[in-house]
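Participant: Build me a structure from this.
(2 chains)
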2 protein chains.
Amino acid sequence: MIPRLYIDGPLHAGLPAPLSQNQAHYLRNVLCREVGDALRLFNGEDGEYAAEIVELKNKTGAALVKGQTRPQASEPDLTLYFAPVKREPLEVIIQKATEIGVARLIPVITECTTAARLNIDRLRAIGIEAAEQCGRLTVPSVGEPIKLPALLEGWSDNRHLIFCDEAGDDEAEEWGGSKGRAAPILEMLNVRDSKTDRWGILTGPEGGFSVEERKILRAAHFVTPVTLGPRILRADTAAIAALVLWQAALGDWRQS
Amino acid sequence: MIPRLYIDGPLHAGLPAPLSQNQAHYLRNVLCREVGDALRLFNGEDGEYAAEIVELKNKTGAALVKGQTRPQASEPDLTLYFAPVKREPLEVIIQKATEIGVARLIPVITECTTAARLNIDRLRAIGIEAAEQCGRLTVPSVGEPIKLPALLEGWSDNRHLIFCDEAGDDEAEEWGGSKGRAAPILEMLNVRDSKTDRWGILTGPEGGFSVEERKILRAAHFVTPVTLGPRILRADTAAIAALVLWQAALGDWRQS
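Facilitator: Numbering: from 1, shown residues only, chains lettered A, B, ... in the order given. Predicted coordinates for the structure are as follows:
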């Protein structure tokens, strides 16, 4: 197994790439690699390169970049907007969303969000580790938390938002909601023009969205409410399920 | 929030239902419930009932069963055959598969399976807890581990097996495999007659299936190999993804 590492800097054949302190430690002390061993490197912009370890100490190291092994390719423009949850399911969301192929992760603070302060650097590190393992040529970006009303006010018209409305339609019918019944998510995705390039998926906190939030979301012209089956999914399961279905129906799981 | 509990015994309106030691402890010491508080009970056969706590001590307790709140309904006949992995992703598989709605979980020992001895009782308990939380009227069964060759030899002809072949087709083409290229899983599910009632999904261990195993699987008439996108998914992510896609395309996520 050739270790695959994300490099936060340029990659050019024939030039050295410095390894971070964590990377040097990981290669030397966890994987027992040494000078001369092979690596694969990517930086999210220049594709993937073969490389060779040319220096490896406890806290520093460097690789010599060799030939390109894969060119950079375009990836689906899919953002997950997720209400932060407890540490374990939160880390599951970041790891799985990265593997499934999300471009961007934005924590959204909703009325019922109970999670404490987020360690965004830790979430980014989980995304990088998952990207290294799953063979992606990019790492997902992790944004700063934003409150739901601010997110919707600043929404760009050319991104479509799938609202995973676990609470279902019963209440929404009482309001006389403008969107009618929420469709099963795959039904909605199957009738969508896949030419709509920019998508977002919104999932809620453990307590769900408030009635007021659901009204505002369902009234927005860029939002389509969907259902995720007859059972109550945990927040992390719902996020994973919606991302998988989007990738399989409209994303890059189709050609593989 | 009314606690929802699985009862391993009959449920009849007007009769008492004994609570287990764990349930009594959970209600009393974790949820701070007391005599007179409401419950929902289900046993996998008789639907869901309202109930009231009539006795609650540290190690024993009982509920009085009242009216039925939901009738028992039929559920999709979907089995997950999974190679055991490390504890954390293994527990994620059991929990998420239960929420997504799998009927049966069978650990399958493959050539590259490295997981140590399985605690089947612990896995069953995770399935019961997930069933209680997600609103299912059944708990998934968790079978004893079986080796892959024995599983395939004893296969019942009327169950179709989806083989999540992460290694892709390149090698398979060299063998001149009988199945041609593996299709993206959703493409395969979309052309399938949903009248085929009994399905299984097979996912591998962290190291994947051996070439020999892949040959045998692809040669079996009840097996369809599929791909799960261009990235390398962890074992738990692959299992969750395949189950979600099956439920959305052919299972009970369609009507909700």
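
Participant: which stretches of the stretch 1-150 of chain A form strands?
Facilitator: Counting by DSSP state E, counting those that start in this stretch, residue ranges of the strands within the stretch 1-150 of chain A are A:4-6, A:16-19, A:38-42, A:48-56, A:61-70, A:77-82, A:104-109, A:141-142, A:146-147.

Participant: Let me have these in a markdown table, adding mean neighbour count and distance to B:L118 as columns.
Facilitator: Glycine gets a C-beta too; all of them are placed from N, C-alpha and C. Output for these, formatted as a markdown table (neighbours: other CB atoms under 10 Å in any protein chain shown; distance: least, CB to CB, whole Å):
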| stretch | mean neighbour count | distance to B:L118 |
| --- | --- | --- |
| strand A:4-6 | 19 | 30 |
| strand A:16-19 | 19 | 38 |
| strand A:38-42 | 20 | 34 |
| strand A:48-56 | 19 | 37 |
| strand A:61-70 | 17 | 38 |
| strand A:77-82 | 23 | 32 |
| strand A:104-109 | 20 | 33 |
| strand A:141-142 | 18 | 35 |
| strand A:146-147 | 14 | 43 |
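
Participant: do you know which of the ones you listed lies nearest A:G135?
Facilitator: Closest approach to A:G135 among the strands of the stretch 1-150 of chain A (CB to CB): strand A:4-6, 7.1 Å.

Participant: Poorly predicted segments of the stretch 1-150 of chain A, please.
Facilitator: Scanning the stretch 1-150 of chain A for pLDDT under 70 picks out nothing.

Participant: what do you get if the cut-off is 90, keeping everything else the same?
Facilitator: By pLDDT under 90, the weakly predicted segments of the stretch 1-150 of chain A are A:1, A:112-117.

Participant: Flag every residue of it that's near chain B.
Facilitator: A:V92, A:Q95, A:K96, A:E99, A:I100, A:G101, A:Q133, A:C134, A:G135, A:R136 (CB under 8 Å from any CB of the partner chain).

Participant: can you do 6 Å?
Facilitator: Residues of the stretch 1-150 of chain A lying close to chain B (CB under 6 Å from any CB of the partner chain) are A:K96, A:E99, A:C134, A:G135, A:R136.

Participant: Am I right that A:R198 is in contact with A:D77?
Facilitator: Yes. Between A:R198 and A:D77 there is a contact under CB atoms under 6 Å: 4.7 Å.

Participant: What count of nearby residues applies to the residue nearest to A:E45 when sequence neighbours are not counted?
Facilitator: Nearest residue to A:E45 in three dimensions, chain neighbours excluded: A:Q72, at 6.2 Å (CB to CB, 6 or more residues apart in numbering or on different chains). Neighbourhood size, A:Q72 [other CB atoms under 10 Å in any protein chain shown]: 15.

Participant: Touching, A:Q72 and A:G47? I think so.
Facilitator: Yes. Counting by CB under 6 Å, A:Q72 does reach A:G47; the two are 4.4 Å apart.

Participant: returning to that earlier point: so can I have CSV of the strands of the stretch 1-150 of chain A showing distance to B:V223?
Facilitator: Formatted as CSV, the strands of the stretch 1-150 of chain A follow (distance: least, CB to CB, whole Å):
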stretch, distance to B:V223
strand A:4-6, 31
strand A:16-19, 44
strand A:38-42, 32
strand A:48-56, 33
strand A:61-70, 31
strand A:77-82, 31
strand A:104-109, 36
strand A:141-142, 39
strand A:146-147, 46
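
Participant: B:G127 is nearest to which of the ones you listed?
Facilitator: Checking the strands of the stretch 1-150 of chain A against B:G127 by CB to CB gives strand A:77-82 as the closest, at 25.5 Å.

Participant: Let me see the residues that make contact with the closest one.
Facilitator: Here strand A:77-82 makes contact (CB atoms under 6 Å, 6 or more residues apart in numbering or on different chains) with A:93, A:97, A:102-106, A:108, A:197-203, A:239.

Participant: Buried by neighbour count, from these: which ones?
Facilitator: Using 16 or more other CB atoms under 10 Å in any protein chain shown as the burial test, those include A:93, A:97, A:102-103, A:105-106, A:108, A:199-203, A:239 as buried.

Participant: For burial, what's the neighbour tally of the closest residue in space to A:L27 that isn't next to it in sequence?
Facilitator: Once flanking residues are discounted, A:L27 sits nearest to A:R33: 4.4 Å by CB to CB, 6+ apart. Neighbourhood size, A:R33 [other CB under 10 Å]: 19.

Participant: A:R33 and A:H25 touch, don't they?
Facilitator: No. Judged on CB under 6 Å, A:R33 makes no contact with A:H25 at a distance of 11.1 Å.

Participant: ok, now how distant is A:G200 from chain B?
Facilitator: 19 Å (CB to the nearest CB, to the nearest Å).

Participant: dump the residue contacts of that residue.
Facilitator: A:T79, A:Y81, A:R159, A:L161.

Participant: run the last query once more with 8 Å
Facilitator: By CB atoms under 8 Å, 6 or more residues apart in numbering or on different chains, the contact set of A:G200 is A:L78, A:T79, A:L80, A:Y81, A:R159, A:H160, A:L161, A:I162.

Participant: same question, A:T98
Facilitator: Going by CB under 8 Å, 6+ apart, A:T98 touches A:I126, A:G127, A:A130, A:A131, A:C134, A:R136, A:V139, A:P140.

Participant: switch the cut-off to 7 Å
Facilitator: Going by CB atoms under 7 Å, 6 or more residues apart in numbering or on different chains, A:T98 touches A:G127, A:A130, A:A131, A:C134, A:P140.

Participant: With respect to chain B, which of those is nearest?
Facilitator: Using CB to the nearest CB, A:C134 comes nearest to chain B of the contacts of A:T98, at 4.2 Å.

Participant: tell me the domain boundaries of chain A?
Facilitator: According to automatic domain parsing, chain A comprises the domains A:4-70, A:77-249.

Participant: Next, format the ones you listed as CSV and append distance to B:T227.
Facilitator: As requested, the domains of chain A are exported to CSV (distance: least, CB to CB, whole Å):
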stretch, distance to B:T227
domain A:4-70, 18
domain A:77-249, 10
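
Participant: Give me whichever of those is most buried.
Facilitator: The densest packing among the domains of chain A, expressed as mean neighbour count by mean count of other CB atoms under 10 Å in any protein chain shown, is seen in domain A:77-249 with a mean of 19.

Participant: Can you tell me which residues in the stretch 151-256 of chain A are near chain B?
Facilitator: Applying CB under 7 Å from any CB of the partner chain, one finds that the stretch 151-256 of chain A approaches chain B through A:184-186, A:227-234, A:237, A:240-241, A:244-245, A:247-249, A:252-254, A:256.

Participant: Now intersect those residues with the strands, please.
Facilitator: Members of those lying in strands (criterion: DSSP state E): A:P184, A:T227.

Participant: Just the ones in helices from the residues of the stretch 151-256 of chain A next to chain B, please.
Facilitator: Assigned to helices by DSSP state H, the following of those qualify: A:I185, A:L186, A:T237, A:I240, A:A241, A:V244, A:L245, A:Q247, A:A248, A:A249.

Participant: that older thread, pick the one among the buried ones among the contacts of strand A:77-82 closest to A:L11.
Facilitator: Nearest to A:L11, judged by CB to CB, of those is A:A103 at 20.3 Å.

Participant: contacting residues around that closest one?
Facilitator: By CB under 7 Å, 6+ apart, the contact set of A:A103 is A:E75, A:P76, A:D77, A:L78, A:T79, A:P140.

Participant: quick check, nearest of those to chain B?
Facilitator: The closest of the contacts of A:A103, once distances to chain B are taken by CB to the nearest CB, is A:E75, at 9.7 Å.

Participant: And that closest one, how far from A:D197?
Facilitator: Counting by CB to CB, to the nearest Å, the separation of A:E75 from A:D197 is 11 Å.

Participant: Mutual contacts of A:Q72 and A:G47, please.
Facilitator: With CB under 7 Å, 6+ apart, A:Q72 and A:G47 have common neighbours A:L137.

Participant: contacting residues around stretch A:183-196?
Facilitator: A:160, A:224, A:226-228, A:242, A:245-246, A:249-250, B:248-249, B:253-254, B:256.

Participant: Thanks a lot, catch you later.
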